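Novice: show me the folded form of this:
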Amino acid sequence: DGLLESQWLARYYEVTEVLLNHLGVSLDDFYGAAEGPSARRMIAAHKSNTMKAVKDKIAVFQREFLKLPEEVRQKAQSDQEARTMFSPVYTSWVECPACRSKALLEGEVESTTEPIYEDGGLYTLDRCIGKKLKCQVCGLVLGDLAEIQIAGIEPHFDERVEVEYHDSRSWENWEEYNNM
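Specialist: Numbering: from 1, shown residues only. This is a model prediction of the structure:
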């Protein structure tokens with residue numbers, strides 16, 4: 001309630017189209033000959049508007065960065081390169097689409113493997129998906145997954161996380177575990 005169709009309908013049609021394609025059904029088959037073509041036009045317009053907005057945003061930051069003196073740009077990029085030695089959890093360093101420096105892609109965990117014993121430690125491999133990109137060199141921020149993908153950045157990355165043995169065990173067998 002209270003949402004305008006322009007705020008959700010094109011995305012609804014887009015999701016519906018993906019699901020219908022998986023089932024081997026077209027938008028025309030599902031919505032009829034009148035609504036199907038309209039749905040496709042709305043999807044195309046939404047994609048076009050979103051793509052243009054993201055590309056325009058990147059272009060603005062790129063222009064501003066290139067206006068800086070060469071020495072300033074190089075110093076900012078070398079300072080950023082030094083920061084890449086340290087990464088917060090569930091982040092990945094990727095190339096900024098505006099200034100080509102290293103930008104921080106923040107993510108959230110999609111899935112986790114069972115613990116793996118390797119190099120004397122116990123680890124899980126957490127599959128993450130990007131949710132925000134921040135470049136400290138030019139200031140570009142891409143605020144969601146759609147913008148990240150439109151910018152041509154691979155949104156998935158893996159994070160290796162050290163775990164303790166007892167953290168990886170199910171507590172349903174606590175009595176057996178406690179007697180070891």
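Novice: could you check how far residue 48 is from residue 80?
Specialist: Applying Cβ to Cβ, to the nearest Å, the value for residue 48 to residue 80 is 33 Å. (Each C-beta comes from the backbone N, C-alpha and C, glycine too.)
Novice: more crowded one of those two?
Specialist: residue 80 (20 against 10; other Cβ atoms under 10 Å).
Novice: quick check: neighbours of the longest strand anywhere in the chain in the sheet, parallel or antiparallel?
Specialist: Ranked by number of residues, the top strand in the chain under DSSP state E is strand 121-134. In the sheet, strand 121-134 lines up against strand 102-112 (antiparallel), strand 116-118 (antiparallel), strand 141-142 (antiparallel), strand 156-162 (antiparallel) (DSSP bridges).
Novice: now the residue most central in space within the chain, which residues is it bridged with?
Specialist: Nearest residue to the geometric centre of the chain (Cα atoms, centre = their mean): residue 130, 2.5 Å. On the basis of DSSP bridges, residue 130 takes part in beta bridges with residue 107.
Novice: and it, what pLDDT?
Specialist: For residue 130, the pLDDT comes out at 91.
Novice: next: residue 69.
Specialist: Residue 69 is given a pLDDT of 96.
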